[in-house]
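>>> Everything below, folded, please.
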Amino acid sequence: MNTTRRSVLAGGAAAALAATLPGGASAQPALIRKPIPSSGEMIPIVGLGTARRYENAQAADMDPLRDTIRRFAELGGTGIDTSPTYGTAERTMGTLISELGVRDKLFLCTKVAVDNKEQGVAQIEQCFRNLRTDKIDLIAVHNLRDTANGLATLRDLKAAGRIRYYGMTTSFDRQYEEFEAVMRREQMDSIQIDYALDNRNAADRIIPLAKDRGMAVFLNLPFGRGSVFRATQGKPLPDWATEIDCTTWAQFMLKYVVSHDAVTAAMPGMAQAQYVDDNLKAAQGRLPDAAMRRRMERFIDGL
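All right, here's what the predicted structure looks like:
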């Protein structure tokens, strides 16, 4: 996580979170879950993303990353999002999961991002090897790259029982029009889209369409691109944040996005165990209702 996030956690909230680290999982309330519409399977509303933080992991990075995944699984986290386009992240995740023996506890999501069917098949086979598993929970066509071939391959893999769900992703507004068109003509299990308290464009058409089409909605960039952390650095939470059981800005931002009725789960990046404790608290306690969501929007827009 960036230095701004570290500074947000540096005070009393971080100390309180750190106190929960040594084996306190049994004292934690259960995580809120939502269903994947195509199956009804329930998954926790906050998962773990691996972009950037796991991309170039060196030997010295492995211990904190291992602690992160261990803590995530201990607290009941399941959804982990990675990609073969994230440097060595997918291979790093496969190594950590294997060492920890937690594969059966996780909902593994990865992607395919190539230019033709043959490359797609080869990349997906490498995903299985990287993740050290014979079944992947979700694979998505990444950023609309070779979408038709990619979705056809993923449909075949689902029919063969090698993957459980498939979909597509984007994190760019400029792709929304094409993304929406594919959503209307293709039946998929899920989409992944960028959505944050300061980046709400996906809520205009994409997320409601996913609800109408019975697609799960996973979120990338749920903290935006860092502007909210910068704007709130050194500032206390508003007093009314206690009404939704928030103690940190990260929880404030995550509770906003996961409280959208069509959102299944957010996938914030986490590379330290203390961020797992912080972020997963957003999947506990009260979530904002419609009035509180509007209040949160006005507050952030006014910063």
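
>>> After the worst-scoring helix or strand of the chain on mean pLDDT, heading C-terminal, what element do we hit next?
Least confident helix or strand of the chain, by mean pLDDT, DSSP states H and E, is helix 12-18 with a mean of 41. Downstream of helix 12-18, the first helix or strand assigned by DSSP states H and E is strand 33-35.

>>> what about the following helix or strand past that next one, average pLDDT?
Moving toward the C-terminus from strand 33-35, the next helix or strand (DSSP H and E) is strand 42-44. Average pLDDT, strand 42-44: 98.

>>> Listing partners with orientation, what would you give for strand 42-44?
Strand 42-44 has its sheet partners listed here by DSSP bridges as strand 33-35 (antiparallel).

>>> how about low-confidence regions in this protein?
1-27 (pLDDT under 70).

>>> Strands along that one, start to end?
33-35, 42-44, 48-49, 79-81, 107-112, 136-142, 163-169, 190-194, 216-220, 265-266 (DSSP state E).

>>> Out of the ones you listed, indicate the one that is most buried.
Highest mean neighbour count among the strands of the chain (mean count of other CB atoms under 10 Å): strand 265-266, with a mean of 30. C-beta coordinates here come from the backbone N, C-alpha and C atoms, glycine included.

>>> and that one, how far out from the chain's middle?
Relative to its chain's centre, strand 265-266 lies at 5 Å (CA atoms, centre = their mean, to the nearest Å).

>>> Name the residues that touch it?
Applying CB atoms under 8 Å, 6 or more residues apart in numbering, the contact partners of strand 265-266 are 34, 43-47, 79, 216, 218-219, 222, 254, 257-258, 282.

>>> what's the farthest-apart pair in these?
216 and 282 (18.2 Å; CB to CB).

>>> For the residue nearest to residue 166 when sequence neighbours are not counted, give me its contacts.
Spatially, and ignoring its direct neighbours in sequence, residue 166 is nearest to residue 154 (3.7 Å; CB to CB, 6 or more residues apart in numbering). With contact taken as CB under 8 Å, 6+ apart, residue 154 is in contact with 112, 139-141, 163, 166.

>>> Against residue 183, how distant is residue 154?
15 Å (CB to CB, to the nearest Å).

>>> and if you look at residue 219?
In terms of CB to CB, residue 219 sits 16 Å off from residue 183.

>>> before we move on, what about residue 68?
From residue 68 to residue 183 the distance is 33 Å (CB to CB).

>>> you'd agree residue 300 is up against residue 199?
No: using CB atoms under 8 Å, residue 300 is not in contact with residue 199, being 10.5 Å away.

>>> Which residues are in contact with the residue nearest to residue 258 when sequence neighbours are not counted?
In this structure, residue 258 finds its nearest non-sequential neighbour in residue 45, 4.3 Å apart by CB to CB, 6+ apart. When contacts are counted by CB under 8 Å, 6+ apart, residue 45 touches 31-34, 258, 263-266, 282-283.

>>> of the strands of the chain, which approaches residue 272 most closely?
When these are compared (using CB to CB), the closest one is strand 48-49, at 11.4 Å.

>>> same for that closest one, what does it pack against?
helix 62-74, strand 79-81 (3 or more CB pairs under 8 Å, 6 or more residues apart in numbering; DSSP states H and E).

>>> so which of those is the most packed in?
strand 79-81 (a mean of 26).

>>> Please name every helix or strand in contact with it.
Strand 79-81 makes packing contacts with strand 48-49, strand 107-112, strand 216-220 when contacts are defined by 3+ CB pairs under 8 Å, 6+ apart.

>>> Dump these into a markdown table; add distance to residue 242 as well.
Below are the helices and strands packed on strand 79-81 laid out as a markdown table (distance: least, CB to CB, whole Å):
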| stretch | distance to residue 242 |
| --- | --- |
| strand 48-49 | 26 |
| strand 107-112 | 31 |
| strand 216-220 | 24 |
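
>>> Since that was my last question, I'll sign off now.
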